[in-house]
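*Asks:* quick one: sequence plus predicted model below, questions after.
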Amino acid sequence: MTATFDSVLAGRVSPGVYAWRGRRDRDLVGEATAAGWQALGLDTRGVTSYDEFYDRVAASWSLPEWFGRNLDALFDALADLTAQPTVIVWDGLRELADVDPVQTSAVVEVLRDATGQAPALVVVVRDELEVSEFDGLL
């Protein structure tokens, strides 16, 4: 499926994990916020371990200190954060996959599972990856 980010913000795109093919400098977080969505950025470029990944998640999303830093805790945090329409804009997935491809695939699956539970959760990945891993292109 190919859609536009504007169609995401208009609510015409199903929840899911999408690959971004637009301009890298486009302020997706700002646009989503202006449209009334909760927008969560996540930049994992330069991350060298999964401890650091979870530190970035906790800091970027203002999670409490007791955040569990594991896949179950990530899913639970997403459930708590996504009561309203939410866009997650993720930069650096490919670099994270270089650190631990199995764990990164598991994180993507948690995000995919969360999009199936939340009323309106769209994850936009701004990296060049295989399209087959995503629900579509934006």
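*Replies:* That came through fine.
*Asks:* state the distance from residue 8 to residue 35.
*Replies:* For residue 8, the distance to residue 35 equals 9 Å [Cβ to Cβ, to the nearest Å]. C-beta here means a position set from N, CA and C on the backbone, and glycine is covered the same way.
*Asks:* neighbour-wise, which of the two wins?
*Replies:* residue 8 (25 against 16; other Cβ atoms under 10 Å).
*Asks:* skip the chain neighbours and tell me the closest residue to that one.
*Replies:* Once flanking residues are discounted, residue 8 sits nearest to residue 122: 5.2 Å by Cβ to Cβ, 6 or more residues apart in numbering.
*Asks:* same check, this time on residue 17
*Replies:* Per Cβ to Cβ, 6+ apart, closest to residue 17 is residue 123, 4.4 Å.
*Asks:* strand partners of the helix or strand encompassing that neighbour, parallel vs antiparallel please.
*Replies:* Element membership for residue 123 (DSSP states H and E) is strand 121-125. Next to strand 121-125 in the sheet, as set by DSSP bridges, lie strand 16-19 (parallel), strand 86-91 (parallel).
*Asks:* for these, give me CSV that also has mean neighbour count, mean pLDDT and distance to residue 53.
*Replies:* Below are these laid out as CSV (neighbours: other Cβ atoms under 10 Å; pLDDT from 0 to 100; distance: least, Cβ to Cβ, whole Å):
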stretch, mean neighbour count, mean pLDDT, distance to residue 53
strand 16-19, 22, 90, 17
strand 86-91, 23, 96, 11
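*Asks:* what angle do the top helix by length along the chain and strand 86-91 make?
*Replies:* Counting by DSSP state H, the longest helix found in the chain is helix 101-117. Interaxial angle, helix 101-117 versus strand 86-91 (axes from the mean of the first three to the mean of the last three Cα atoms, to 10 degrees): 160 degrees.
*Asks:* what mean pLDDT does helix 101-117 have?
*Replies:* Helix 101-117 shows a mean pLDDT of 93.
*Asks:* tell me if residue 12 really is in a helix.
*Replies:* No: assignment of residue 12 by DSSP: H, G, I helix; E, B strand; the rest coil gives coil, placing it outside any helix.
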